[in-house]
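Visitor: dropping a prediction and its sequence here:
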Amino acid sequence: MNLATPFANAWHHRELIRAVVRRELAVRFRGTILGWVWAIFGPLVMLGAYTAIFSHAVGVPASAKGGGVGGYALSIFTGLIVFNLFSELAYRAPGLLHEHAGVIKKSIFPSETLAWTATIRAAVYAAISLGVLLVFELALTWRLPPASLALPVVVAPFFLFLLGICWFLMALGSFTRDVAHLMISIVPVFMFATPIFYSIDDVPPSLRIYLHLNPIGNYVEMIRDLLLFNRFPGIILYSGTALASLLIFFFAYRFFMQYKAVFVDVI
Amino acid sequence: MSSDLVISCDRVGKAFQLYVRRNDQLKQAIFGHWKQFYHQHWVLRDISFKVRRGETIGIVGRNGAGKTTLLQIICGITLPTLGRVQVNGRVAPILALGAGFDHELTGRENALIGGAILGMRRAAVEARLPEIAAFAGIGDFFFQPLKLYSSGMAARLAFAVCAHADADILIVDEALSVGDAAFNAQCDAFIKDFANHGTILVVSHDLETMEEICDRVIWIEDGVVQGMGTAKDVTARYREAIEGRPVAALAAGF
């Protein structure tokens, strides 16, 4: 097994992954009258609510004054898009194998592909939110920062990080249902450890190092840099986070495949 | 190994770990090094047989004898605890009709996913969609969501997908008696036709059909091979044995 193995595996099953992703996307809004409008409506409401709250009720924190109300709303929205991507998967992954127990037990189904389909599905909705974000930013500032073209470079390791989290939680979740409940308890805590409503610059320097141990927070900061502030993230921050993500991705895959044969007997 | 041999089971055994309490599973994971918290239950013991290309093999036995587990091992869905299984060729398992089907999707969309699960390329499934629809014989329901189907219609669609998967080895688990008489006849005809060029492994309680379509029959009792031989011979002995004895119980001592 080498670094390319997880990718070779996904490539081998690409037809299946594509079919399942299509199904997941097709099913989501089937039976609703508005259909895909819901995918845009959700993020729009969220963005509108934040703008309203911070322009009238709460007021913008001192550190974010530069960008004004709109800038602060965009900053929170960016943080939430990134964090919701993580939390959706953290909630869903522990139950994924149980959810597909029928097909795993009754046909030759490569269960490792479920991490890909779940992550791609979540990423599609994040991309819709991202589109809303960019339209809003364009309306607000009349331009899009050129640095946002570098977004794929930051998103790629983030995607691998999410896949790793998925494999890891799927494996643990198949043995005990407690993992799902654990996630419900700790994900909200993670939310406060992630700079969503604040920026990492608001944190005392002595504490920043601990916040940087949270890859999700690092991705929030880096994506904000590109999309909102038109600057490139620090090379150390980027390479450190990307390396950690790669390691998580690789070892989670190995962990999953090591126990793959056992899942059938325990779910 | 000769190329003629498509399935070879060599002293296959499968044990499940039975836990008395749900908590014991966690205890086993943590303290398993020092103490055993489960009871080993052998579902299959010492199963050995070989299947040559083109053969149709039937498996009979009571509920809980281990037939489905054996099929799962041959498909590669679960690993044997002991022994070795070798399979040469592409397997299409029909263990449960409609596993992986989604009730919100149309029959056509489900057929595409079913094909993908069986390892087919999308283009290949798309090319065969008319044939699949014709075989299933569900008319315009093919373009309706699955939730509108009767259970028989869903089963027909599932069988139709498996039947067009271009497999070398067909593995069928009691799926033959799902539709009405006409569809059953169609399935039987398909299996007989498939038997001319492919290999079939079938589990069924319908002994008449087994006698008719199988070259050989394996009789499994409490996880061990009780008899193996010509279909007529083994089904006769099996029929004799099932009169009187109750369903297989869990291993003694549990």
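Guide: Structure received.
Visitor: nearest spatial neighbour of residue A:111, skipping sequence neighbours?
Guide: residue A:104 (5.4 Å; Cβ to Cβ, 6 or more residues apart in numbering or on different chains). Every C-beta, even on glycine, is put in place using the N, C-alpha and C of the backbone.
Visitor: for residue B:180, same thing?
Guide: Nearest residue to residue B:180, sequence neighbours excluded (Cβ to Cβ, 6+ apart): residue B:152, at 6.5 Å.
Visitor: report the contact partners of residue A:1.
Guide: residue A:254 (Cβ atoms under 8 Å, 6 or more residues apart in numbering or on different chains).
Visitor: residue A:229 versus that one, what's the distance?
Guide: 40 Å (Cβ to Cβ, to the nearest Å).
Visitor: same question for residue B:143.
Guide: Residue B:143 is 50 Å from residue A:229, by Cβ to Cβ.
Visitor: which of these two has more neighbours?
Guide: In this view residue B:143 and residue A:229 are compared by other Cβ atoms under 10 Å in any protein chain shown, and residue A:229 has more residues nearby, 15 against 12.
Visitor: ok so, going back, my read: the residue nearest to residue B:180 touches residue B:182, true?
Guide: No. Here residue B:152 lies out of contact with residue B:182, judged by Cβ atoms under 8 Å, at a distance of 10.8 Å.
Visitor: these two: which has the busier surroundings?
Guide: Each of residue B:152 and residue B:182 has its neighbours counted (other Cβ under 10 Å); residue B:152 has more, 14 against 9.
Visitor: what is the helix or strand hosting that one packed up against?
Guide: Here residue B:152 sits within helix B:151-163, counting by DSSP states H and E. Applying 3 or more Cβ pairs under 8 Å, 6 or more residues apart in numbering or on different chains; DSSP states H and E, one finds that helix B:151-163 contacts strand B:91-94, helix B:107-117, helix B:122-136, helix B:181-195.
Visitor: so how far is chain A from the closest residue to residue B:136 other than its chain neighbours?
Guide: Spatial nearest neighbour of residue B:136, chain neighbours left out: residue B:160 (3.9 Å); criterion: Cβ to Cβ, 6+ apart. Separation of residue B:160 from chain A (Cβ to the nearest Cβ, to the nearest Å): 15 Å.
Visitor: so what's the residue count around residue B:160?
Guide: By the measure other Cβ under 10 Å, the count of residues near residue B:160 is 26.
Visitor: in this structure it contacts residue B:142, no?
Guide: No. Applying Cβ under 8 Å as the test, residue B:160 and residue B:142 come out as separate, 9.7 Å apart.
Visitor: need the overlap of contacts for those two.
Guide: Joint contacts of residue B:160 and residue B:142 (Cβ under 8 Å, 6+ apart) are B:111, B:133, B:136.
Visitor: quick one: contacts for the residue most central in space within chain A?
Guide: The centroid of chain A falls nearest to residue A:85 when counting by Cα atoms, centre = their mean (2.8 Å). By Cβ under 8 Å, 6+ apart, residue A:85 lies in contact with A:122, A:123, A:126, A:162.
Visitor: nearest residue to the first one other than its sequence neighbours?
Guide: Leaving aside its chain neighbours, residue A:122 sits nearest to residue A:88 (4.9 Å; criterion: Cβ to Cβ, 6+ apart).
Visitor: pop out the phi and psi values for residue B:71.
Guide: phi -60, psi -40 (degrees, to the nearest 10).
Visitor: got a list of what it touches?
Guide: B:59, B:93, B:95, B:171, B:173, B:201, B:203.
Visitor: show the model's pLDDT score for it.
Guide: Per-residue pLDDT puts residue B:71 at 89.
Visitor: what parts of the stretch 51-200 of chain A come near chain B?
Guide: A:100, A:102, A:103, A:104, A:105, A:106, A:107, A:108, A:109, A:175, A:176 (Cβ under 8 Å from any Cβ of the partner chain).
Visitor: so of the residues you listed, which ones are in helices?
Guide: Residues from these lying in helices, with DSSP state H as the criterion: A:102, A:103, A:104, A:105, A:106, A:175.
Visitor: can you pick out the most distant pair from these?
Guide: Spanning the widest gap among these are A:106 and A:175, at 20.7 Å by Cβ to Cβ.
Visitor: for those two, indicate the residue with more neighbours.
Guide: A count of neighbours by other Cβ under 10 Å puts residue A:106 above the other of residue A:106 and residue A:175, at 23 against 19.
Visitor: local confidence estimate at the residue nearest to the centre of chain A?
Guide: Taking residue A:85 on its own, its pLDDT is 93.
Visitor: do the same with residue A:262
Guide: So residue A:262 comes in at 80 (pLDDT).
Visitor: any part of the host helix or strand of it near chain B?
Guide: Assigned by DSSP H and E, residue A:262 belongs to helix A:235-266. Yes. On the criterion Cβ under 8 Å from any Cβ, helix A:235-266 is in touch with chain B at A:261, A:264, A:265, A:266.
Visitor: if any of those are buried, put those into a PyMOL selection.
Guide: Buried residues among these (16 or more other Cβ atoms under 10 Å in any protein chain shown), as a PyMOL selection:
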select buried, chain A and resi 264+265
